[in-house]
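Asker: from the sequence below, what's the structure:
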Amino acid sequence: MNSIAPSLLAADFSRLGEQVAEAQLAGAHRLHFDVMDGHFVPNLSMGPMILAAIRSLARVPLEVHLMVEDPGKFIEPFVRAGADSLIVHLEVLPDPLPILQAIRKLGKKACLAINPETAIDKMEPFLKDIDLALCMTVHPGFGGQRYLPESDERIRQLRQLIDRQQASCELEVDGGIDHVTAKSALTAGANVLVAGTSIFRDPRGIAAAVHEFQEICDHGA
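Answerer: Next up is the predicted model:
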């Protein structure tokens with residue numbers, strides 16, 4: 001099943017609870033929570049206290065995307081705050097397996113992300129050990145970026161690796177996902193779409209944007 005994951009980084013933080021409620025009422029399948037440390041990416045964002053506040057409102061799974069240099073320090077705090085899955089970056093982990101196993105031992109989904117400059121085949125050894133593979137379709141750190149043109153081919157390559165290994169992980173894409181690029185990403189092999197600006201800043205409103213993404217998820221690939 002194809003899924004939509006609104007990215008809370010693009011929400012209006014003065015109305016965060018209201019917008020979380022609106023997104024899930026409109027039918028969002030999960031919520032995407034970006035964590036940035038100012039080192040791995042040149043930006044700072046949300047911490048466990050904000051996730052805990054969202055957890056009290058959310059009735060859908062919360063996935064935490066750790067764009068940080070030392071993800072091991074953050075796993076337990078975000079699990080305690082209510083994360084359902086944790087996404088760590090291949091680029092900061094010489095061997096991702098220990099942290100993936102630690103996440104699984106805590107009863108959460110273990111997920112691995114890859115940046116645009118990293119060769120897709122670097123993911124191959126870990127595909128059977130993860131619940132979700134995240135293919136970044138922009139350089140991480142800021143919302144509102146344009147979908148990188150090479151992304152479709154990278155998604156196809158990752159889908160081929162997943163299928164070849166008969167791995168059960170989902171294939172998520174994040175960055176520049178709108179109602180146009182979503183279709184090409186799904187066609188290339190993605191099945192989870194992270195979308196921020198195109199949902200929370202759609203002039204028609206959050207519900208209309210989510211409904212259109214649902215139509216694309218149901219019929220666009």
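Asker: mind listing the strands for this protein?
Answerer: According to DSSP state E, the chain carries its strands in the segments 3-6, 31-36, 62-67, 85-89, 109-114, 132-136, 170-174, 192-195.
Asker: where does pLDDT dip in this structure?
Answerer: The chain contains residues with pLDDT under 70 at 220-221.
Asker: and stretch 128-147, what's buried?
Answerer: Buried residues in stretch 128-147, counted by 16 or more other C-beta atoms under 10 Å: 130-138, 140-141, 143, 147. Just so you know, the C-beta spots here come from the backbone N, C-alpha and C atoms, and that holds for glycine as well.
Asker: picking up where we left off before, and the strands of the chain as a markdown table, adding distance to Ile99?
Answerer: Formatted as a markdown table, the strands of the chain follow (distance: least, C-beta to C-beta, whole Å):
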| stretch | distance to Ile99 |
| --- | --- |
| strand 3-6 | 21 |
| strand 31-36 | 14 |
| strand 62-67 | 10 |
| strand 85-89 | 6 |
| strand 109-114 | 8 |
| strand 132-136 | 14 |
| strand 170-174 | 18 |
| strand 192-195 | 21 |
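Asker: for this structure, what spans make up the helices?
Answerer: Under the criterion DSSP state H, helices of the chain are mapped to 16-26, 48-55, 75-81, 97-105, 151-165, 181-188, 197-200, 206-219.
Asker: and those as JSON lines, adding mean neighbour count?
Answerer: Output for the helices of the chain, formatted as JSON lines (neighbours: other C-beta atoms under 10 Å):
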{"stretch": "helix 16-26", "mean neighbour count": "18"}
{"stretch": "helix 48-55", "mean neighbour count": "17"}
{"stretch": "helix 75-81", "mean neighbour count": "17"}
{"stretch": "helix 97-105", "mean neighbour count": "16"}
{"stretch": "helix 151-165", "mean neighbour count": "17"}
{"stretch": "helix 181-188", "mean neighbour count": "20"}
{"stretch": "helix 197-200", "mean neighbour count": "23"}
{"stretch": "helix 206-219", "mean neighbour count": "18"}
